[in-house]
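Engineer: okay, sequence plus prediction incoming.
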Amino acid sequence: MPIQIPADLPARAALESESIFVMTEDRATRQDIRPLEIAIVNLMPTKIATETQLLRLLGNTALQVNITLLRTAEHQSKNTPVQHLERFYKTFDEIRHRRFDGMIVTGAPVEHLPFEEVDYWEELLRIMAYANERAFSTLYICWAAQAALYHFYGIRKHALPQKLSGVYAHHSLVPSCPLFRGFDDEFLAPHSRNTEVRRIDVEGVENLRILAESDEAGLAVVESLDHSQVFMTGHLEYDRGTLDAEYRRDLGRGLNPEVPRHYYPDGNPENIPPMTWRAHAHLFYSNWLNYYVYQETPFDLRGDGALRGRE
């Protein structure tokens, strides 16, 4: 089934070229199907690239999905045209009256700042509180995962001695968890971050359980026991060349970055990196949509009752 997007969203051409089934709003309104309503809070500076990455994964399932793209009103984006933001994005105030089946909050390159010093922190707190009340499951990615764990559970982030960048092997600690249904015993996923959340801090929280980790990269996936919050420290949504672009960007800034680990063949940045995490990325997002969103959400989202597990 398709993912529903505006006909003129730039991601449409890229998705259709990859045979991802997309549907324009016009055509979708003529179908007697209640699609899933998914909000994406895009905090990344490269918003168009991130849109395409996430839509690619959400659009490769048997479910019809309506996407609402959200941006923070308190931060002025320097890397995305204003026309694009005004055409395709809404602010929190514009959607706060709605309910969503699911929500995704992306990472952001603000790890060097204390959470409270991020210019849109107060707005993000309102969004996270809203997600708990009006979305059945929220997926927090990378910095957003650290921010949510800090806000909801008081778990602090810790600076790493050097940036963690590369593609790392992971294993599931709870193979029966629906998020990992169909996964191999070992799966690969990119990481790109300067801070971490430590296992010992998560283990001390009764409402959380660790689902997957890496011997090299540490915690990978954590969830609340009612599945309403999923925290992913890596970037399964990344394209083949995303780590390469980040590496060359940091080189250009004179940051002297280390070469991303387990990424380039022979560790040589002149070699084209293989895409070794695509299948598990599609499977993870499909499982999240199916088991944590579709099978838990009611047909009618307009009710005022409390959400599952939060009565």
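Structural biologist: Nice, I can see it. Residues are numbered from 1 along each chain as shown.
Engineer: strands along the chain, start to end?
Structural biologist: Remark: strands assigned in the chain by DSSP state E are 3-5, 22-24, 36-41, 65-70, 89-90, 100-105, 135-141, 158-172, 187-196, 208-214, 218-224, 229-232.
Engineer: tabulate those strands (JSON lines), appending mean neighbour count.
Structural biologist: For glycine as for every other residue, the C-beta is placed from the backbone atoms N, C-alpha and C. Below are these laid out as JSON lines (neighbours: other CB atoms under 10 Å):
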{"stretch": "strand 3-5", "mean neighbour count": "25"}
{"stretch": "strand 22-24", "mean neighbour count": "19"}
{"stretch": "strand 36-41", "mean neighbour count": "24"}
{"stretch": "strand 65-70", "mean neighbour count": "21"}
{"stretch": "strand 89-90", "mean neighbour count": "18"}
{"stretch": "strand 100-105", "mean neighbour count": "25"}
{"stretch": "strand 135-141", "mean neighbour count": "27"}
{"stretch": "strand 158-172", "mean neighbour count": "17"}
{"stretch": "strand 187-196", "mean neighbour count": "21"}
{"stretch": "strand 208-214", "mean neighbour count": "20"}
{"stretch": "strand 218-224", "mean neighbour count": "23"}
{"stretch": "strand 229-232", "mean neighbour count": "26"}
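Engineer: of all these, which lies closest to Trp277?
Structural biologist: Comparison of these against Trp277 by CB to CB identifies strand 187-196 as nearest, at 4.6 Å.
Engineer: how far off strand 158-172 does the closest one point, in degrees?
Structural biologist: Here the directions of strand 187-196 and strand 158-172 differ by 160 degrees (axes from the mean of the first three to the mean of the last three CA atoms, to 10 degrees).
Engineer: tell me the strands beside strand 187-196, with direction?
Structural biologist: strand 158-172 (antiparallel) (DSSP bridges).
Engineer: what angle separates the strand it pairs with from strand 218-224?
Structural biologist: Counting by the same axes, to 10 degrees, strand 158-172 lies at 80 degrees to strand 218-224.
Engineer: who's in contact with strand 158-172?
Structural biologist: For strand 158-172, contacts defined as CB atoms under 8 Å, 6 or more residues apart in numbering pick out 180, 183, 185-198, 211-217, 220, 234, 243, 246-247, 257-258, 260-263, 273, 276-277.
Engineer: and what of stretch 95-102?
Structural biologist: Outside stretch 95-102, the residues that touch it by CB under 8 Å, 6+ apart are 36-39, 68, 70, 130, 134-139, 288-289, 292-294, 297, 301-302.
Engineer: show me the shaky parts of the stretch 101-250 of the chain.
Structural biologist: Within the stretch 101-250 of the chain, no range satisfies pLDDT under 70.
Engineer: ok, back up a step: need the strands of the chain in CSV (columns: distance to Val202).
Structural biologist: Output for the strands of the chain, formatted as CSV (distance: least, CB to CB, whole Å):
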stretch, distance to Val202
strand 3-5, 32
strand 22-24, 37
strand 36-41, 23
strand 65-70, 27
strand 89-90, 32
strand 100-105, 18
strand 135-141, 13
strand 158-172, 12
strand 187-196, 11
strand 208-214, 5
strand 218-224, 6
strand 229-232, 9
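Engineer: so for Glu111, which of those strands sits nearest?
Structural biologist: Checked against CB to CB, the stretch from these lying closest is strand 187-196, at 4.6 Å.
Engineer: hmm, who's touching that closest one?
Structural biologist: Contacts to strand 187-196, defined as CB under 8 Å, 6+ apart, come from residues 107, 111-112, 142-143, 146, 157-160, 163-172, 214, 217-220, 233-236, 238, 242-243, 246, 260, 262-263, 276-277, 280-281.
Engineer: recalculate using a threshold of 6 Å.
Structural biologist: The contact list for strand 187-196 (CB atoms under 6 Å, 6 or more residues apart in numbering) reads 111, 142, 157-160, 163-165, 167-170, 217-218, 234-236, 238, 243, 246, 276-277, 280.
Engineer: thanks a lot, catch you later.
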